[in-house]
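Participant: Sequence below, structure please.
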Amino acid sequence: MRHDADRHQLASAAVVVGTDGSATADAAVRWAAETAARKGRRLLIVHGLDLAVTRGVLGGHLTMVSSVIEAMHGHGDQILAQARALACELAPDRTVATELSEANPAKSLITLSESAHLVVIGATGGVGTLAHLGSTVLAVAGHGRGAIVVVRGSGQPTDRSGPVVVGADGSPVGEAALGAAFAEASERNVELVTVHAWSDLTVGEYAGTSYLEIPIVDLEIAEHALLAERMAGWQEKYPSSALPQRRRSIRSNRPTTFVRGLPGSSRSASSHSRDVAAVEDR
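Facilitator: Numbering: from 1, shown residues only. I've put the predicted structure just below:
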């Protein structure tokens with residue numbers, strides 16, 4: 001979540017979604033179409049061919065390059081047509097456009113993110129700690145501008161009443177994520193859960209002081225105060241009387257693992273029953 005908010009709020013800013021024709025991409029298209037309909041914005045569906053890689057692999061075989069590229073264009077058009085049909089079923093009153101790009105998919109989405117209201121992409125399957133995200137998702141999330149939405153799974157969710165979960169570390173960097181989470185929860189009329197994870201074992205690690213010499217209760221009070229301070233301004237803009245809120249301050253017995261602002265333990269656990277999880281850019 002980055003801070004170039006103004007351009008992303010323009011009426012002309014579209015909801016952009018990337019697709020490769022997979023089941024997870026279809027889930028992203030469904031989420032994007034529903035969001036575009038709810039927000040009253042146009043939808044742009046994008047498919048990237050990454051022809052530079054194809055040309056590099058085929059080298060000087062010009063005849064083969066031409067036929068392969070023609071086939072890739074045809075396949076890309078088919079993917080976009082199917083995605084557009086899916087989106088139009090869910091958002092019949094919205095303008096749904098498609099774009100077939102010859103560039104790398106991640107680069108295409110990163111470029112479009114400069115002026116998009118938000119960019120949506122599906123998480124792919126795989127193994128390993130981050131393989132479930134995929135290289136395109138990691139690239140777009142790491143270098144895109146504005147709000148980047150990663151849709152997990154390939155099924156059709158039946159419940160849209162789940163809470164919005166936001167991870168807050170208490171730093172100014174996280175303000176954009178807090179703002180987006182409050183706005184999303186208010187728009188959906190659902191509960192907002194704020195998760196703040198902290199570790200009492202590392203406070204004195206670099207100050208030559210054993211953590212056992214620091215009263216845990218003092219640390220916990222300070223962390224609660226930090227979270228309350230960050231939340232105060234947003235609570236005034238979105239009064240609690242109209243927006244249920246729940247705060248969780250989690251003390252961990254080890255440093256929380258972050259992947260570009262995503263604690264690997266507490267936020268992941270909190271996100272299992274959520275509808276939307278928001279995190280800050282690091």
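Participant: And the helices in the stretch 101-250 of the chain, which stretches?
Facilitator: 105-112, 135-143, 175-188, 216-237 (DSSP state H, counting those that start in this stretch).
Participant: With mean pLDDT and mean neighbour count as added columns, please give these in JSON lines.
Facilitator: Using the backbone N, CA and C atoms, a C-beta is placed for each residue, glycine as well. Shown next, in JSON lines, are these (pLDDT from 0 to 100; neighbours: other CB atoms under 10 Å):
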{"stretch": "helix 105-112", "mean pLDDT": "95", "mean neighbour count": "21"}
{"stretch": "helix 135-143", "mean pLDDT": "91", "mean neighbour count": "19"}
{"stretch": "helix 175-188", "mean pLDDT": "86", "mean neighbour count": "19"}
{"stretch": "helix 216-237", "mean pLDDT": "79", "mean neighbour count": "14"}
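Participant: Next up, phi/psi of Glu99, please.
Facilitator: For Glu99, the backbone dihedrals (degrees, to the nearest 10) come out as phi -140, psi 120.
Participant: measure the residue lying closest to it once chain neighbours are set aside to Met72 for me?
Facilitator: Counting by CB to CB, 6 or more residues apart in numbering, Glu99 lies nearest to Val46, which is 4.8 Å off, once chain neighbours are set aside. When distance is defined by CB to CB, to the nearest Å, Val46 is 15 Å away from Met72.
Participant: Val150 now?
Facilitator: Distance from Val150 to Met72, counting by CB to CB: 26 Å.
Participant: Those two: which is more packed in?
Facilitator: Val150 (20 against 16; other CB atoms under 10 Å).
Participant: Next, count neighbours for Gly122.
Facilitator: 29.
Participant: er, Asn189 actually
Facilitator: Asn189 has 10 nearby residues by other CB under 10 Å.
Participant: quick one: pLDDT of it?
Facilitator: You'll see Asn189 listed with a pLDDT of 84.
Participant: what packs against the longest helix along the chain?
Facilitator: In the chain, taking DSSP state H as the definition, the longest helix is helix 62-90. If you count contacts as 3 or more CB pairs under 8 Å, 6 or more residues apart in numbering; DSSP states H and E, helix 62-90 packs onto helix 23-39, strand 43-48, helix 51-58, strand 96-101.
Participant: What residues sit buried inside that helix?
Facilitator: 65, 68-69, 72, 76, 79-80, 83-84, 86-87, 90 (16 or more other CB atoms under 10 Å).
Participant: mind checking which of the helices and strands packed on helix 62-90 is nearest Glu191?
Facilitator: helix 23-39 (17.8 Å; CB to CB).
Participant: which parts of the closest one are buried?
Facilitator: 24-37.
Participant: ok, these vs Ala177, which is closest?
Facilitator: Thr35 (17.3 Å).
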